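Peer 1: Turn this into a model:
(2 chains)
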Amino acid sequence: MNIDRRIDKIVEIYIPAIKNGQETIDSILEKYPQYANALRNRLEVVFWLLNAKKNFEPRQGFISSSRQYMEQQFETIRPHGFWQRLSRRFTTQRWVFNIAAPIIVLLLLALVINSAILTARLSIPGDPFYSTKLLTEDIQLALTFDQVDKTDLYMQFSRDRTTEFVELVLEGDYELLPPAATRLETEIIASLHSINDMPLQNQAVEHPMILQLRETLTNEIFMLNMLKSTSPTTAYPGIELAIQVAQSGLMALR
Amino acid sequence: MPARLDKDNELIQKAQRGDPHAFGDLYESHAPFIFRYLFAHLDSRMDAEDLTGEVFLKAWQSLPKYVEHGVPFLAFLFRIARNVLVDHYRQSNRLESTSPDELDGYKEEGNSEPVDIINNQMEHQKILRVLTTLRPDYQSVLTLRFISELSPEETAQVMKRSVGAIRVLQHRALAALRQEIEKTG
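Peer 2: Next up, the predicted model:
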């Protein structure tokens, strides 16, 4: 056992005797002369603390006189039972906060997402939100399981790509026209595949879909030709590429 | 200690059945410990008295909770006392002890002479000033062990540490206090 632990043990043993006034520093040191110096330091602090204790005593008669008052308080205030404690823990304010806070957060989140989707829907290639628009379209397709609805969606996307194409020409972003034409081609091919993938028994639906796609492509070709006639020559290569794409789709449909 | 525990348990059972006098007995036997602990952290005797009452009222209200947790009653009281003290500090925003010039002039009951009262208060302030320079855990362990006179086991339960850890903490706290006393003379 090292000296510190030994001294701690001695101090611990003599605390009750020191409190009762049966031992003094010197009387304890006499019993342990080998630890005299270190033990004296420790005992002096203990004596200081025990001496200080008298300054922290309650004033005479305070406890017994306050007991009566406290018992009256105990009479009027009953201990909290389980349900009381539960209701204290979940006060109306807390309930309101617990319910209102997530609702407000969800509403704000919905507002932000909705705004982002709306902004994305109006975006054209080159806009920061355009990738979000393509992503929402992919999600929409992934969540559409009916083949007819899926074909309808592809045709809708094909019309959207043409509209974007027109907007790009009007804004003079001619360098973005070739990739836009490629995207238009992708949508037209996807529409054709979707019509081909329809089950045989769905022929009654397939025919109107073919007519609808044909009408869409014809309108797109007409619109692109009109656009070409009003656009500067620098936009021609891009527009012609888009017309070729739409015409190829129409040919494939025939 | 076991005798005290047995008596406490008996009184707690009565108090649980709604006997305020049984809790009054508990108040009378434990209030001095709580008072000393609180007064060793406060500069006003009146605050310490008020907070002692508050501790017991809270303990009375939380009696079912105490039974569920199964900690010794004194440890339960000291935990409440610690929380009450923290709340008091927050409310009064008065962490620093006041100087003797700012004593609250509280007049004690009994036959004490005004000079004695002032001397006591000045001595109390002096001790408090030394204790408050120590680290909070040192201050806690010394207050609990020597001012409130808890055993190492009881102190361990209050401070939620092992008895061994309390002995080590006490050893270091005494050394730190020794240095502080030497510094202040």
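Peer 1: which stretch of helix or strand covers the residue nearest to residue A:224 when sequence neighbours are not counted?
Peer 2: Counting by C-beta to C-beta, 6 or more residues apart in numbering or on different chains, residue A:224 lies nearest to residue A:243, which is 4.8 Å off, once chain neighbours are set aside. Glycine gets a C-beta too; all of them are placed from N, C-alpha and C. For residue A:243, the host element (DSSP states H and E) is helix A:236-253.
Peer 1: Show me what that helix is packed up against.
Peer 2: Counting contacts by 3 or more C-beta pairs under 8 Å, 6 or more residues apart in numbering or on different chains; DSSP states H and E, helix A:236-253 packs against helix A:147-171, helix A:177-196, helix A:203-230.
Peer 1: Next, format the ones you listed as JSON lines and append mean pLDDT.
Peer 2: Output for those, formatted as JSON lines (pLDDT from 0 to 100):
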{"stretch": "helix A:147-171", "mean pLDDT": "89"}
{"stretch": "helix A:177-196", "mean pLDDT": "90"}
{"stretch": "helix A:203-230", "mean pLDDT": "86"}
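Peer 1: By mean pLDDT, which helix or strand of chain A comes out lowest?
Peer 2: None of the helices or strands of chain A scores lower by mean pLDDT, DSSP states H and E than helix A:82-89, at a mean of 64.
Peer 1: after that one, next one along is what?
Peer 2: helix A:92-121.
Peer 1: the inter-axis angle of that following helix versus helix A:147-171?
Peer 2: Using axes from the mean of the first three to the mean of the last three C-alpha atoms, to 10 degrees, the direction of helix A:92-121 lies 70 degrees away from that of helix A:147-171.
Peer 1: Can you point out the buried residues in the longest helix seen in chain B?
Peer 2: Longest helix of chain B, by residue count under DSSP state H: helix B:163-184. Going by neighbour count (16 or more other C-beta atoms under 10 Å in any protein chain shown), the buried part of helix B:163-184 is B:166-171, B:173-174, B:176-178, B:180.
Peer 1: Over to stretch B:147-160?
Peer 2: B:147-152, B:154-159.
Peer 1: for the longest helix of chain B, packing partners?
Peer 2: Using 3+ C-beta pairs under 8 Å, 6+ apart, helix B:163-184 sits against helix A:3-20, helix A:36-52, helix B:114-132, helix B:136-142, helix B:152-159.
Peer 1: a markdown table for those, including distance to residue A:66?
Peer 2: A markdown table is the format used below for the helices and strands packed on helix B:163-184 (distance: least, C-beta to C-beta, whole Å):
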| stretch | distance to residue A:66 |
| --- | --- |
| helix A:3-20 | 25 |
| helix A:36-52 | 24 |
| helix B:114-132 | 19 |
| helix B:136-142 | 25 |
| helix B:152-159 | 23 |
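Peer 1: Mean pLDDT lowest where, among these?
Peer 2: The stretch with the lowest mean pLDDT among the helices and strands packed on helix B:163-184 is helix B:114-132, at a mean of 75.
Peer 1: which ones are touching the residue most central in space within chain B?
Peer 2: Closest to where the C-alpha atoms of chain B average out (C-alpha atoms, centre = their mean) is residue B:37, at 1.7 Å. Counting by C-beta atoms under 8 Å, 6 or more residues apart in numbering or on different chains, residue B:37 makes contact with B:78, B:81, B:143-144, B:147-148.
Peer 1: what helix or strand is residue B:35 on?
Peer 2: Residue B:35 is located in helix B:20-39, with elements delineated by DSSP H and E.
Peer 1: The very next helix or strand once past that helix packs against which elements?
Peer 2: Counting by DSSP H and E, the next helix or strand C-terminal to helix B:20-39 is helix B:45-61. Counting contacts by 3+ C-beta pairs under 8 Å, 6+ apart, helix B:45-61 is packed against helix A:62-76, helix B:20-39, helix B:73-92.
Peer 1: between the second one and helix B:73-92, how many degrees?
Peer 2: Going back to what we said before, that points to helix B:20-39. Going by the same axes, to 10 degrees, helix B:20-39 makes 60 degrees with helix B:73-92.
Peer 1: what comes up buried for helix B:20-39?
Peer 2: Within helix B:20-39, the residues that qualify as buried are B:20, B:22-27, B:29-39, counting by 16+ other C-beta under 10 Å.
Peer 1: got it, and the last one?
Peer 2: Buried residues in helix B:73-92, counting neighbours by 16+ other C-beta under 10 Å, are found at B:73-82, B:84-85, B:88.
Peer 1: Turn those into CSV, columns for pLDDT and distance to chain A.
Peer 2: Formatted as CSV, the buried residues of helix B:73-92 follow (pLDDT from 0 to 100; distance: C-beta to the nearest C-beta, whole Å):
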residue, pLDDT, distance to chain A
B:73, 87, 14
B:74, 87, 16
B:75, 87, 19
B:76, 89, 13
B:77, 91, 13
B:78, 91, 15
B:79, 89, 16
B:80, 92, 13
B:81, 93, 13
B:82, 90, 16
B:84, 93, 15
B:85, 90, 14
B:88, 91, 16
